[in-house]
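Visitor: Need coordinates for the following:
(2 chains)
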2 protein chains.
Amino acid sequence: MKKKAKEPGNLREDCVAEARAIVEEDGLEKLSLREVARRLGVSHGAPYRHFPSRDHLLAEVVARAFGEFAAHLDARHKTGTPQEDLAEMGRAYLSYALAHPLNYRLMFGTPLPDPEAHPGMMREARHAFALLRGGLCAVHAARRRDASDEALDLDALFVWSIMHGLSSVLGGSTIDQIGLPARTLTKLPEHSLMRIGRALGVDPQERDGTS
Amino acid sequence: MKKKAKEPGNLREDCVAEARAIVEEDGLEKLSLREVARRLGVSHGAPYRHFPSRDHLLAEVVARAFGEFAAHLDARHKTGTPQEDLAEMGRAYLSYALAHPLNYRLMFGTPLPDPEAHPGMMREARHAFALLRGGLCAVHAARRRDASDEALDLDALFVWSIMHGLSSVLGGSTIDQIGLPARTLTKLPEHSLMRIGRALGVDPQERDGTS
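Guide: Okay, the predicted model is just below:
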């Protein structure tokens, strides 16, 4: 069977696209340079011209996933008030995590290549984190409060942990073990965003009966 | 080679112990009734006398994991004030998750057998959740606030999500991608517990300079 020929100029991009398809469709463990070559119909050695190892290809795939994730966060509905904007970012985070579970798990649930060796991947991950940190900075600024760099980092990690935990709890199966009404689960994201606002001291209003 | 003989009366417990060892040492994917029989030195059919399927054995392993986890939460240092007690439970949660990553992942990170078909497993999972919910109930009661069942469930799910997220963030590798100082990460658990207290309205004191 004749293999399809590839323009040499596109091979790098083709490798990345094929690698992303493998990760999204079949999972990370199926990713190898050999499998990418096989699916592209090029020689086994061809991908090595652009990626010295599987880790280099994987780092590029992870970088793209972080880039796409950050773009999704950035495309949120922007209302203008820092508090609501932070909540919108939270909604965007959850919608991405639940709509793209494999990409999400790739970024946040698997051992990744050494960041020092793959600065492009690290840059994209930091960019996504910086969006959240920027949202928190705006919230503090709107309240005319000074927050140290460390305090902002800690709040960003705190909010990220909540978003990550909610994504796992809502997307996982452990919740079925507890037997709670589906109605309660439906309310969990907005309840959590309200509680986050209160944790950060930005939402003094009563929105439910529990104070 | 002569296989060691097992007392029939202990076979059920031996199967559970061996299955737990397999999960903790080699991971869930290595668990099968056949592998348990092989490692115990009994006939392939013997475990079936106690467990009709792999799911039945797995459900028992998961139930034990939840039981051990709940016992760990229950063995926390109890200080008497509901607020501090909730924080102690949070510390116990994190210490268990970080010390027993495979047991933790078994409970909260893998598809589990159908809870309806395995009520014992579900009972243990609900017991662990009830401990957290009870802690929150005590916090609300100490503030003379009434909380509906649904509000308590939502707060318990909110706090659980945070603990689960912190466990993943602190135990995972994504954090390395962001390049934050180790000092910041060390402070994250206590910072988060302070923020949780504020989210629930139980910690009005200033403990840092950010609000």
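Visitor: any idea which helix or strand carries the residue of chain A found nearest chain B?
Guide: Nearest to chain B in chain A, going by Cβ to the nearest Cβ, is A:Gly165, at a distance of 2.9 Å. For every residue, glycine as well, the C-beta is placed using N, CA and C. Assigned by DSSP states H and E, A:Gly165 belongs to helix A:149-171.
Visitor: Quick one: residues in contact with the lowest-mean-pLDDT helix or strand in chain A.
Guide: When the helices and strands of chain A are scored by mean pLDDT, DSSP states H and E, helix A:174-178 comes last with a mean of 81. If you take Cβ atoms under 8 Å, 6 or more residues apart in numbering or on different chains as the criterion, helix A:174-178 is touched by A:169, A:185, B:107-108, B:112, B:115, B:121-122, B:125-126, B:129.
Visitor: repeat that for 10 Å
Guide: A:168-169, A:182, A:184-185, A:188, B:62-63, B:66, B:107-116, B:118, B:121-126, B:128-130, B:133, B:153, B:156-157, B:160, B:164 (Cβ atoms under 10 Å, 6 or more residues apart in numbering or on different chains).
Visitor: Among the residues you listed, the buried ones, what's the PyMOL command?
Guide: Restricted to buried positions by 16 or more other Cβ atoms under 10 Å in any protein chain shown, the PyMOL selection for the contacts of helix A:174-178 reads:
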select buried, (chain A and resi 168+169+184+185+188) or (chain B and resi 62+63+66+107+108+109+110+112+113+115+118+121+122+124+125+126+128+129+133+153+156+157+160+164)
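Visitor: what ranges do the helices span in chain A?
Guide: Counting by DSSP state H, chain A has these helices, from start to end: A:11-26, A:33-40, A:54-74, A:82-99, A:101-108, A:119-142, A:149-171, A:174-178, A:182-199.
Visitor: ok, the closest residue to A:Ser95 other than its chain neighbours - contacts?
Guide: Nearest non-adjacent residue to A:Ser95, counting by Cβ to Cβ, 6 or more residues apart in numbering or on different chains: A:His72, 7.8 Å away. Counting by Cβ under 10 Å, 6+ apart, A:His72 touches A:92-93, A:95-97, A:99-100, A:128.
Visitor: Repeat that for A:Tyr93.
Guide: A:69, A:72-73, A:76, A:104, A:128, A:131-132, A:159-160, A:162-164, A:166-167, A:189.
Visitor: Swap in 6 Å and give it another go.
Guide: Contacts for A:Tyr93 (Cβ atoms under 6 Å, 6 or more residues apart in numbering or on different chains) come out as A:Met163.
Visitor: Let me know the distance separating it from A:Met107.
Guide: 12 Å (Cβ to Cβ, to the nearest Å).
Visitor: cool, A:Val23 as well?
Guide: Separation of A:Val23 from A:Met107 (Cβ to Cβ): 11 Å.
Visitor: can you check A:Asp85 too?
Guide: When A:Asp85 is compared with A:Met107 (using Cβ to Cβ), they lie 22 Å apart.
Visitor: Check A:Val16 too.
Guide: 16 Å.
Visitor: For chain A, which residues are neighbours of chain B?
Guide: Proximity of chain A to chain B (Cβ under 6 Å from any Cβ of the partner chain) is limited to residues A:108, A:111-112, A:115, A:122, A:125-126, A:129, A:145, A:147, A:150-151, A:153-154, A:157-158, A:161-162, A:164-166, A:168-169, A:173-174, A:176-178, A:180, A:184, A:188, A:191-192, A:195, A:198-199, A:201, A:210-211.
Visitor: where does chain A dip in pLDDT?
Guide: Applying pLDDT under 70 to chain A flags residues A:1-9, A:203-211.
Visitor: And it, split by domain according to the record?
Guide: As recorded under automatic domain parsing, the domains making up chain A are A:1-51, A:54-199.
Visitor: Quick one: end-to-end length of the last one, please.
Guide: This means domain A:54-199. Domain A:54-199 stretches 42 Å from its first residue to its last (Cα to Cα, to the nearest Å).
Visitor: can you give me how far it is from the chain middle?
Guide: 6 Å (Cα atoms, centre = their mean, to the nearest Å).
Visitor: likewise the shortest one?
Guide: Per Cα atoms, centre = their mean, the displacement of domain A:1-51 from the mean C-alpha position of its chain is 24 Å.
Visitor: for A:Leu28, what are its contacts?
Guide: Contacts of A:Leu28 (Cβ under 6 Å, 6+ apart): A:Thr110.
Visitor: counting contacts, what elements does the helix holding A:Gly165 pack onto?
Guide: Using 3 or more Cβ pairs under 6 Å, 6 or more residues apart in numbering or on different chains; DSSP states H and E, the elements in contact with helix A:149-171 are helix A:82-99, helix A:119-142, helix B:149-171, helix B:182-199.
Visitor: Dump the C-alpha coordinates for the longest one into PDB.
Guide: Extracted C-alpha coordinates of helix A:119-142, given in PDB (Å, rounded to 0.1, in the frame of the first residue of the first chain):
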ATOM      1  CA  PRO A 119      11.200  26.000  28.500                       C
ATOM      2  CA  GLY A 120       8.400  26.400  25.900                       C
ATOM      3  CA  MET A 121       6.100  24.100  27.800                       C
ATOM      4  CA  MET A 122       6.900  25.800  31.100                       C
ATOM      5  CA  ARG A 123       6.200  29.200  29.500                       C
ATOM      6  CA  GLU A 124       2.700  28.100  28.400                       C
ATOM      7  CA  ALA A 125       1.900  26.600  31.800                       C
ATOM      8  CA  ARG A 126       3.100  29.800  33.500                       C
ATOM      9  CA  HIS A 127       1.000  31.900  31.100                       C
ATOM     10  CA  ALA A 128      -2.200  30.000  32.100                       C
ATOM     11  CA  PHE A 129      -1.300  30.500  35.800                       C
ATOM     12  CA  ALA A 130      -0.600  34.200  35.200                       C
ATOM     13  CA  LEU A 131      -4.100  34.700  33.900                       C
ATOM     14  CA  LEU A 132      -5.600  33.400  37.200                       C
ATOM     15  CA  ARG A 133      -3.000  35.400  39.200                       C
ATOM     16  CA  GLY A 134      -3.900  38.500  37.200                       C
ATOM     17  CA  GLY A 135      -7.600  38.100  38.000                       C
ATOM     18  CA  LEU A 136      -6.800  37.900  41.700                       C
ATOM     19  CA  CYS A 137      -4.500  40.900  41.500                       C
ATOM     20  CA  ALA A 138      -7.400  42.900  39.900                       C
ATOM     21  CA  VAL A 139      -9.700  41.800  42.700                       C
ATOM     22  CA  HIS A 140      -7.300  43.000  45.400                       C
ATOM     23  CA  ALA A 141      -6.600  46.200  43.500                       C
ATOM     24  CA  ALA A 142     -10.300  47.000  43.200                       C
END
